[in-house]
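S.K.: return a 3D structure for these sequence lines:
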Amino acid sequence: MILSHDRIHTFAAALRTASNPWGTVQAVRVQGGRVVAAGARADVLALRERGEAVVEPEGAAVLPGLIDTHAHLHGLGLRRDALDWPDDTAPERWAEAVAALAATLAPGTWIEGRAWNQSVWTDTHAPRTADGFPTHAPLTAAAPGHPVVLHRNDRHAVWANAAAMRAASIDPDAPAPPSPEGGRVVRTADGRPSGVFVDHACDLITDAIPPLGFDDQVQVVRRFARNFLDRGVTCVHAAMVEPDLLDAYLQALEGPGAPGLRVRAMVYAEPARLAAWAEAHSPCGLAPDRFAITTLKAFADGALGSRGAWMFDDYDGYPGERGFPVATPEELAVLAGVAARRGWQLATHAIGDRAIHETLTAYDRAAAPDRIRALRWRVEHFQHGRPEDTALAARLGVRVSMQPIHCTRDMRFAEALLGASRSAFAYPWRDALDAGLTVGFGSDFPIESLDPWEGVHAAVTRQDAHGRPVGGWIPAQRLNRAEALTAYLATGAALCPIDDGHLGHLGPGAIADAIATDLDPTEIAPERLPDLQVTWRQLAEAS
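M.R.: Presented below is the predicted three-dimensional model:
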């Protein structure tokens, strides 16, 4: 077929010029799911063969399908009865919502929810522990007969009631169990468990939650795949797929009734188990595939707001707290060695400056830069790296997946935890690009909105939806619109071993995943980017 539209922004490097920065053409010819020609309408129509349809999408512009380089399609709070509330919802309101839901459920039914955030609560919200976390008391009073587990907005802490702790063999009235390595059991002043568990300590609670059945897992993946497609995202790098979920993903994305989203799975398990799994398996999938298994996923630390991000220096206002490693540097080095030997891409979650440094050091020990570049090893988030480690990442050829929306959500509390000097390098998109790093953007859904247009807005303004703060937070790290959009397109594809050159553009050779939008994202005012709607979508069946 031939796509015909006055504004087809191909984002193809070969078609972009100083006078045509978006690679804009008026027609694109597609055969076998691949773009075979792009250019002026008359020139492309002259190539038309008998029976070849001419499609004229409605909308202000046509673009390649977008790529989310870090999102989750299952798990956390995805049960039908799960609560999903704004992160500034106060403890008292959470308790009210839990009580209302409990009244509709059979006794003993588990209640899950997200996305509380004590960092943006006011001091009047109580009860709280000395370091600001909530206690189980309001949830216990709200639903004494139901185990309740509420996930923090960053997925790095849970808030549980007494029934949930008892279901996990933790006595809420006895001294708290010891904190596991890579995690923290938050205690009350008298040493009992507060009900909050951070990073690896979350497992003490979440391992007791009844898992979803296979069919429910399939439907959850499909439901959120459709939500991504509705917002113009046609490929997602699924950031945490445990080995026993791979069959559900395959059924959801390749089986009858699959919605069409392309997913590149990052396989996750504890480091030793993941290393053993990686030794026994090989990456699997080619560029046209809907579902491919391309990557190993590790965690170096936790998140900023729960003070689990591993820092070189103390958090401001919390003497002695620097976060902690979720996986030790030695464990990362062993996993990296396996990845290098078996040909796996390795992607490591690293948010704090110490975590980023230790991750890069482990990579450096395990493989030469040429091997790291060939396998496209990544750091996920890369939020608070020091300038010298940004330079080290560039020297090693490491690629980074960053989430602009984290910045504009976290700016409400980030500087209070980091201090002014560290904040200057927080969410360092500009520094990363200027250092020569390959940067792809994502959402980290469901921690944040899956909407890529909110991410583009955050990247170019560093402001919230209300235009705050004026001029943007740490405006030196802003990107221009072309850089922000490209991070959801061609450089997003470049983070995946099988998609570079195939996705993220509509030049010759590309898989012809395309969308049309009611507003042209290359020219509308930045504040209107989140309003953009997708009016048409094509998911190519490439041969």
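
S.K.: make it CA atoms for all contacts and neighbour counts henceforth
M.R.: Noted.

S.K.: excluding its backbone neighbours, what's nearest the most centrally placed residue in the chain?
M.R.: Taking C-alpha atoms, centre = their mean, the centroid of the chain lies closest to Asp444, which sits 2.1 Å from it. Once flanking residues are discounted, Asp444 sits nearest to Ala71: 4.3 Å by C-alpha to C-alpha, 6 or more residues apart in numbering.

S.K.: try Thr188
M.R.: Using C-alpha to C-alpha, 6+ apart, the nearest residue to Thr188 is Ser194, at 5.2 Å.

S.K.: surely that neighbour is in a strand?
M.R.: Yes - assessed with DSSP: H, G, I helix; E, B strand; the rest coil, Ser194 lies in a strand.

S.K.: Trp159 versus that one, what's the distance?
M.R.: Here Ser194 is placed at a distance of 9 Å from Trp159 (C-alpha to C-alpha, to the nearest Å).

S.K.: find the residues that touch each one of these two.
M.R.: Jointly contacting Ser194 and Trp159 under the rule C-alpha atoms under 8 Å, 6 or more residues apart in numbering are Pro134, Thr135, His136.

S.K.: for the last one, give me its contacts.
M.R.: The one in question is His136. Trp159, Ala160, Asn161, Ala162, Ser194, Gly195, Val196.

S.K.: let me know the closest of those residues to Ala309.
M.R.: Using C-alpha to C-alpha, Val196 comes nearest to Ala309 of those, at 16.6 Å.

S.K.: so what pLDDT did the closest one get?
M.R.: At Val196, the model reports a pLDDT of 94.

S.K.: list of residues touching stretch 477-492?
M.R.: Contacting residues not belonging to stretch 477-492 are listed as 11, 22, 64-69, 427-431, 438-442, 452, 456, 459-462, 500-501, 503-505, 522 [C-alpha under 8 Å, 6+ apart].

S.K.: how about stretch 157-175?
M.R.: Contacts for stretch 157-175 (C-alpha under 8 Å, 6+ apart): 134-137, 139-140, 144-152, 176-177, 191-199, 202, 204-205, 207-208, 306.

S.K.: go again with 6 Å.
M.R.: With C-alpha atoms under 6 Å, 6 or more residues apart in numbering as the test, stretch 157-175 has contacts from 136, 139-140, 147-152, 191-193, 195-199, 205, 208.

S.K.: for stretch 177-188, list every residue counted as buried.
M.R.: Judged by neighbour count using 16 or more other C-alpha atoms under 10 Å, the buried positions of stretch 177-188 are Pro177, Ser179, Pro180, Gly182, Gly183, Arg184, Val185, Val186, Arg187, Thr188.

S.K.: for stretch 446-459, same thing?
M.R.: Buried residues in stretch 446-459 (16+ other C-alpha under 10 Å): 446-448, 450-459.

S.K.: and what of stretch 43-61?
M.R.: Buried-residue list, stretch 43-61, by 16+ other C-alpha under 10 Å: Val44, Leu45, Pro57, Gly59, Ala60, Ala61.

S.K.: sorry, back to before: and the least confident of the shared contacts of Ser194 and Trp159?
M.R.: Within the set of the shared contacts of Ser194 and Trp159, pLDDT is lowest for Pro134 (87).

S.K.: what's the burial count for Gly145?
M.R.: Gly145 is flanked by 18 other residues according to other C-alpha atoms under 10 Å.

S.K.: go on, Cys407?
M.R.: Neighbour tally, Cys407, other C-alpha under 10 Å: 23.

S.K.: can you report phi and psi for it?
M.R.: For Cys407, the backbone dihedrals (degrees, to the nearest 10) come out as phi -60, psi -50.

S.K.: so that it lines up with my notes, have the first residue be 720 from now on.
M.R.: Sure, I'll start numbering at 720, so the last one becomes Cys1126.

S.K.: quick one: pLDDT of it?
M.R.: If you check Cys1126, the pLDDT there is 95.

S.K.: contacts for the lowest-mean-pLDDT helix or strand in the chain?
M.R.: Scoring the helices and strands of the chain by mean pLDDT, DSSP states H and E places strand 802-803 at the bottom, with a mean of 74. For strand 802-803, the surrounding residues in contact (C-alpha under 6 Å, 6+ apart) are Gly832, Arg833.

S.K.: mind running it again at 8 Å?
M.R.: Applying C-alpha under 8 Å, 6+ apart, the contact partners of strand 802-803 are Gly796, Ala816, Glu831, Gly832, Arg833, Ala834.

S.K.: how much space between the fourth one and Ala879?
M.R.: Gly832 is 10 Å from Ala879, where distance means C-alpha to C-alpha.

S.K.: one more: the third one?
M.R.: Between Glu831 and Ala879 the distance, using C-alpha to C-alpha, works out to 9 Å.

S.K.: overlap in contacts of these two?
M.R.: Taking C-alpha under 8 Å, 6+ apart as the criterion, Glu831 and Ala879 both touch Val867, Val868, Leu869.

S.K.: residues touching the second one, list them.
M.R.: Residues in contact with Val868, defined by C-alpha under 8 Å, 6+ apart, are Trp829, Ile830, Glu831, Gly832, Val877, Trp878, Ala879, Asn880, Ala883, Ile924, Thr925.

S.K.: surely it forms part of a strand?
M.R.: Yes - counting by three-state DSSP, Val868 is located in a strand.

S.K.: quick one: the longest helix anywhere in the chain to chain centroid distance?
M.R.: Scanning the chain for the longest helix, with DSSP state H as the assignment, gives helix 933-949. Counting by C-alpha atoms, centre = their mean, to the nearest Å, helix 933-949 is centred 16 Å from the centre of its parent chain.

S.K.: and it, what's buried?
M.R.: Neighbour counts over helix 933-949 (16+ other C-alpha under 10 Å) mark 935-941, 943-945, 947-949 as buried.

S.K.: CA atoms only for that helix, dumped as CSV, please.
M.R.: These are the backbone C-alpha positions of helix 933-949, laid out as CSV (Å, rounded to 0.1, in the frame of the first residue of the first chain):
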residue,chain,number,x,y,z
PHE,A,933,-2.3,-18.0,33.6
ASP,A,934,-5.4,-16.7,31.9
ASP,A,935,-5.5,-13.6,34.1
GLN,A,936,-1.8,-12.9,33.3
VAL,A,937,-2.6,-13.1,29.6
GLN,A,938,-5.5,-10.7,29.9
VAL,A,939,-3.5,-8.3,32.0
VAL,A,940,-0.8,-8.1,29.4
ARG,A,941,-3.3,-7.6,26.6
ARG,A,942,-5.2,-5.0,28.4
PHE,A,943,-2.2,-2.8,29.0
ALA,A,944,-0.8,-3.5,25.5
ARG,A,945,-4.0,-2.0,24.1
ASN,A,946,-3.6,1.1,26.4
PHE,A,947,-0.1,1.6,25.0
LEU,A,948,-1.3,1.3,21.4
ASP,A,949,-4.1,3.8,22.1
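
S.K.: tell me the angle of the helix or strand following it relative to helix 933-949?
M.R.: The first helix or strand that comes after helix 933-949 along the chain, using DSSP states H and E, is strand 952-960. Using axes from the mean of the first three to the mean of the last three C-alpha atoms, to 10 degrees, the inter-axis angle of strand 952-960 relative to helix 933-949 is 140 degrees.

S.K.: after strand 952-960, heading C-terminal, what element do we hit next?
M.R.: Using DSSP H and E, the next helix or strand after strand 952-960 towards the C-terminus is helix 965-973.
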